[in-house]
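K.L.:
Take this sequence and fold it.
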Amino acid sequence: LGLFVAALLVAYSTTIAATYRVWINSETHQFALLVLPMSLYLIWERRTSVKALTPSPNAATALLMLPLGMLWVVAETVAIAQGAQLAVLGMLQVALLSLLGWRVYRALLFPLLFLWLLVPFGDSLTPHLMDLTTWITAGGLAMFGLDVTTDGNILISEAGRVGIVEECSALDFLIGNLVLSLFYANLVYSGTGRRIAYVAVGLLAAIVANNVRTTSVILITYWSDGAWDLLADHRLFGWVVFLVFVVAQMLIGARFKDPHPAARPGPSGPRIGASYGPQRAYIYLVALALIALTVLPPTLLSARSEATQPGETSRLAAPAWLQPVAQTQDAWRPVFVGAQAELLASHPVNDRIVDLYLAYYWHQNADAELVGWPNAVYDGENWHPLAQQSRPVMLEGRALSVTETRLRGPQRARRLTWHWYWVDRTFTANPLVAKLLQAKAMLFGGDTRAAAVVVSTPEQSDPETARQAMQDFVAQAAFLRTLFDSAGEASD
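P.N.:
Sure thing, here's the model as predicted:
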């Protein structure tokens with residue numbers, strides 16, 4: 001098992017290092033740093049019952065490495081970090097099951113399954129949690145007599161205009177409480193029903209704690225006329241609120257604890273290292289098979305990774321009727337990291353100025369992803385999202401469902417944006433479809449070039465007029481295919 005873990009760490013060092021960087025740099029996922037020591041403690045707590053069991057290696061389960069290796073190759077090819085992380089952790093689980101056998105694995109089932117929390121997850125829930133936080137916080141302010149209205153994720157009241165941003169979504173509280181609740185419930189309760197109930201109550205408590213944070217931050221700042229400006233340091237105050245809720249939750253949960261049943265010694269049998277004859281060779285055979293199947297995917301991907309590098313002379317030659325946009329400090333500009341060519345231009349349509357932003361990728365890799373964090377149609381500093389929805393538009397005579405995002409900016413400015421992708425010569429607004437098209441192109445010899453298309457205009461006071469101007473502009477967007485093709489072939 002030690003040899004296998006060493007091989008796993010070496011073969012997938014890039015994936016593991018990337019995961020570690022997420023734990024360290026993301027406040028939302030820092031609780032993952034507690035998962036491994038918690039799991040080891042829970043394994044140690046079960047040592048009495050486990051040491052009486054005999055490992056029974058199984059070579060058949062080692063074959064599960066094959067689909068996991070395929071998943072890793074596809075995830076690495078299209079730069080889906082979570083897919084690669086799930087594949088690597090799945091390989092560890094398969095190795096544990098194959099080398100220890102089902103009886104030992106079952107005895108350690110909870111601490112081993114607990115390791116799945118090492119994979120950063122839940123980011124896709126952030127927009128929905130922001131909407132929920134906005135709705136509950138507005139209700140909380142109304143309970144204290146404030147007249148509240150909302151504009152997307154902005155709360156407007158006597159306390160001022162307060163935006164609910166990603167950090168207020170409660171995802172950090174939910175993940176943190178999930179980790180702590182699962183660990184605590186496994187220590188305190190022996191019944192599955194009570195454990196599930198405690199964790200479910202904990203998730204509800206996390207949502208309540210987050211909304212106590214957002215509501216109290218606004219109210220205290222308002223009531224003190226800014227003397228206690230908790231809006232300026234709401235994170236520290238929020239974690240204090242979270243700690244209070246977690247401690248209260250544990251104290252209340254301890255009143256319903258029940259004793260764990262006494263561990264029963266399992267049937268005696270030979271131990272690893274004892275004189276057990278042919279089984280020693282079988283264990284080594286299983287271990288070698290696991291290691292071979294583990295290092296195979298990175299080896300194959302490395303052999304195939306002689307991919308064409310981005311052309312230094314790649315460029316997007318805009319039509320003459322598009323005018324370049326002068327950039328100021330607080331001007332709107334999407335963020336697409338690693339784009340090998342960009343274009344930001346504008347064109348007057350129906351007495352409005354419609355902006356066009358293009359991000360072009362000759363070949364994608366871990367540092368240059370079309371679909372991935374932190375790519376967005378806003379910068380997160382001057383411009384922030386208010387709401388998002390799908391909207392059908394006509395492109396090249398066919399209906400295409402694009403993603404519409406309402407933005408708020410400096411001086412209460414409002415913008416509408418539509419964005420979609422061009423991958424393997426296909427237009428789509430679905431990020432999953434874009435990833436699958438990318439995988440198809442890279443694994444089966446398609447067109448690896450890709451691009452993001454963003455159309456935007458100031459919303460002003462009439463969003464429907466803004467949408468009509470954007471639709472009229474999109475109707476002229478037949479030049480996009482020619483532009484993308486010529487960018488890939490550009491040379492001096």
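K.L.:
For the chain, which element, helix or strand, carries the lowest mean pLDDT?
P.N.:
Lowest by mean pLDDT, DSSP states H and E among the helices and strands of the chain is helix 479-489, with a mean of 77.
K.L.:
other SSEs contacting it?
P.N.:
Packing contacts for helix 479-489, counted by 3 or more CB pairs under 8 Å, 6 or more residues apart in numbering; DSSP states H and E, involve strand 352-361, strand 414-423. Quick note: C-beta positions are derived from backbone N, CA and C, even for glycine.
K.L.:
how about the residue sitting nearest the centre point of the chain, phi and psi?
P.N.:
Nearest to the mean C-alpha position of the chain, counting by CA atoms, centre = their mean, stands residue 123 at 3.9 Å. Main-chain dihedrals, residue 123, degrees, to the nearest 10: phi -60, psi -30.
K.L.:
and what of residue 114?
P.N.:
According to degrees, to the nearest 10, residue 114 has phi -60, psi -30.
K.L.:
Would you check that it makes contact with residue 40?
P.N.:
No: using CB atoms under 8 Å, residue 114 is not in contact with residue 40, being 10.2 Å away.
K.L.:
picking that back up, to residue 145, which of the helices and strands packed on helix 479-489 lies closest?
P.N.:
Residue 145 sits nearest to strand 414-423 of all the helices and strands packed on helix 479-489, at 28.7 Å, using CB to CB.
K.L.:
For the least confident helix or strand of the chain, what is the distance to the chain centroid?
P.N.:
Helix 479-489 sits 31 Å away from the centroid of its parent chain (CA atoms, centre = their mean, to the nearest Å).
K.L.:
got it, and stretch 391-405?
P.N.:
26 Å.
K.L.:
Would you mark the buried spots in that stretch?
P.N.:
393, 395, 400, 402-405 (16 or more other CB atoms under 10 Å).
K.L.:
what would these look like in TSV with secondary structure and distance to residue 51?
P.N.:
Output for the buried residues of stretch 391-405, formatted as TSV (DSSP: H, G, I helix; E, B strand; the rest coil; distance: CB to CB, whole Å):
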residue	secondary structure	distance to residue 51
393	strand	65
395	strand	65
400	strand	62
402	strand	60
403	strand	55
404	strand	60
405	strand	57
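K.L.:
Need the max-distance pair from those residues.
P.N.:
The span of those, defined through CB to CB, is set by 395 and 405 at 17.5 Å.
K.L.:
on that earlier part again, so the residue nearest to the centre of the chain touches residue 171, yeah?
P.N.:
Yes: the pair residue 123 / residue 171 is scored as a contact, 7.3 Å apart, by CB under 8 Å.
K.L.:
Pull up the overlap in contacts between these two.
P.N.:
Taking CB atoms under 8 Å, 6 or more residues apart in numbering as the contact criterion, the common neighbours of residue 123 and residue 171 are residue 28.
K.L.:
ranges for the helices of the stretch 251-400 of the chain?
P.N.:
Here the stretch 251-400 of the chain has its helices, by DSSP state H, counting those that start in this stretch, at 278-304.
K.L.:
State the number of residues packed around residue 225.
P.N.:
Counted with other CB atoms under 10 Å, residues neighbouring residue 225 total 8.
K.L.:
Next: the one 3 residues further on.
P.N.:
Residue 228 has 15 neighbouring residues, counting by other CB under 10 Å.
K.L.:
What strand or helix carries the nearest residue to it once chain neighbours are set aside?
P.N.:
Spatial nearest neighbour of residue 228, excluding adjacent residues (CB to CB, 6 or more residues apart in numbering): residue 220 at 5.4 Å. Per DSSP states H and E: residue 220 is located in helix 192-223.
K.L.:
next one: residue 228
P.N.:
Here residue 228 is assigned to no helix or strand, by DSSP H and E.
K.L.:
That one and residue 216, how far apart?
P.N.:
For residue 228, the distance to residue 216 equals 11 Å [CB to CB, to the nearest Å].
K.L.:
Next up, the contacts around the residue nearest to the centre of the chain.
P.N.:
Contacts of residue 123 by CB under 8 Å, 6+ apart are 28, 171, 373.
K.L.:
repeat for residue 242
P.N.:
Taking CB under 8 Å, 6+ apart, we find residue 242 in contact with 173, 176-177, 206, 209-210, 213.
K.L.:
Can you pull the phi/psi pair for it?
P.N.:
The phi/psi pair for residue 242 (degrees, to the nearest 10) is phi -60, psi -50.
K.L.:
pLDDT score for it?
P.N.:
Looking at residue 242, its pLDDT is 93.
K.L.:
One more: residue 363?
P.N.:
Per-residue pLDDT puts residue 363 at 80.
K.L.:
Tell me how many other residues surround it.
P.N.:
Residue 363: 17 surrounding residues under other CB under 10 Å.
K.L.:
Count residues in the vicinity of the nearest residue to residue 253 once chain neighbours are set aside, would you?
P.N.:
Distance criterion CB to CB, 6+ apart; nearest residue to residue 253, sequence neighbours excluded, is residue 198 at 5.4 Å. By other CB under 10 Å, 22 other residues sit near residue 198.
K.L.:
Can you give me the distance of residue 198 to residue 249?
P.N.:
Look at residue 198 and residue 249: by CB to CB, they are 8 Å apart.
K.L.:
got it, and residue 33?
P.N.:
Distance of residue 33 to residue 249, given as CB to CB: 21 Å.
K.L.:
Compare these two and say which one has the larger neighbour count.
P.N.:
Taking other CB under 10 Å, residue 33 and residue 249 do not tie; residue 249 has more neighbours (21 against 13).
K.L.:
what helix or strand does that one sit in?
P.N.:
Using DSSP H and E, residue 249 sits in helix 234-254.
K.L.:
Residue 68 too?
P.N.:
Under the criterion of DSSP H and E, residue 68 resides in helix 65-77.
K.L.:
next SSE after that helix?
P.N.:
helix 81-100.
K.L.:
who's in contact with the following helix or strand past that next one?
P.N.:
Scanning forward in sequence from helix 81-100 by DSSP H and E, the next helix or strand is helix 102-107. Helix 102-107 has contacts (CB under 8 Å, 6+ apart) with 46, 49-50, 53-56, 58, 96-97, 112, 266.
K.L.:
which of these count as buried?
P.N.:
Here, 16+ other CB under 10 Å leaves 50, 53-56, 58, 96-97, 112, 266 buried among the contacts of helix 102-107.
K.L.:
for the nearest residue to residue 403 once chain neighbours are set aside, what are its contacts?
P.N.:
Spatial nearest neighbour of residue 403, chain neighbours left out: residue 429 (5.0 Å); criterion: CB to CB, 6+ apart. For residue 429, the contact set (CB under 8 Å, 6+ apart) comprises 390, 400-403, 419-421.
K.L.:
Now do residue 429 against residue 90, distance only.
P.N.:
Remark: distance between residue 429 and residue 90 (CB to CB) = 31 Å.
K.L.:
which stretches of the stretch 351-492 of the chain have low pLDDT?
P.N.:
The stretch 351-492 of the chain contains residues with pLDDT under 70 at 488-492.
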